[in-house]
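**Q** sequence first, predicted model second:
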Amino acid sequence: MPVEVVDRCVEDVQACAAHLGVDVTTAVVERIAREHLLAVASSAPLVGPPESGGTRAPRPLTIAGSAG
């Protein structure tokens, strides 16, 4: 995993923890960032490449019961 991705994850965890009022310690940031990065590394892509070789715009996310 590129260092830039790890750095960004750590920065995001620090910001989110501070925003939520969590005590932002090195141990907390390391634990949350590690779990997130492990999940990202072990997850499969949600969709594969287009079969035709062309590109399509993704379908908008719709939530059941929402107007729009």
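**A** Arrived safely, thanks for sending.
**Q** please enumerate the helices of this protein.
**A** For the chain, the helices defined by DSSP state H occupy 3-20, 26-42.
**Q** quick one: these as a markdown table, columns for mean neighbour count and mean pLDDT too.
**A** All C-beta spots, glycine's among them, are computed from the backbone N, C-alpha and C. Formatted as a markdown table, these follow (neighbours: other Cβ atoms under 10 Å; pLDDT from 0 to 100):
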| stretch | mean neighbour count | mean pLDDT |
| --- | --- | --- |
| helix 3-20 | 13 | 94 |
| helix 26-42 | 13 | 92 |
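**Q** I figured Val10 hits Val29, correct?
**A** Yes: assessed by Cβ atoms under 8 Å, Val10 is found in contact with Val29 at 6.2 Å.
**Q** now stretch 32-48 - C-alpha only, CSV.
**A** Taking Å, rounded to 0.1, in the frame of the first residue of the first chain, the C-alpha atoms of stretch 32-48 are listed here in CSV:
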residue,chain,number,x,y,z
ILE,A,32,-8.3,2.7,14.0
ALA,A,33,-6.0,3.4,11.0
ARG,A,34,-4.6,-0.2,11.1
GLU,A,35,-8.1,-1.7,11.1
HIS,A,36,-9.3,0.5,8.3
LEU,A,37,-6.2,-0.2,6.2
LEU,A,38,-6.4,-3.9,6.8
ALA,A,39,-10.1,-3.8,5.7
VAL,A,40,-9.2,-1.9,2.5
ALA,A,41,-6.3,-4.2,1.7
SER,A,42,-8.4,-7.4,2.2
SER,A,43,-11.6,-6.2,0.5
ALA,A,44,-12.5,-7.2,-3.1
PRO,A,45,-13.3,-4.5,-5.6
LEU,A,46,-17.1,-3.7,-5.8
VAL,A,47,-17.1,-3.9,-9.5
GLY,A,48,-14.8,-5.2,-12.2
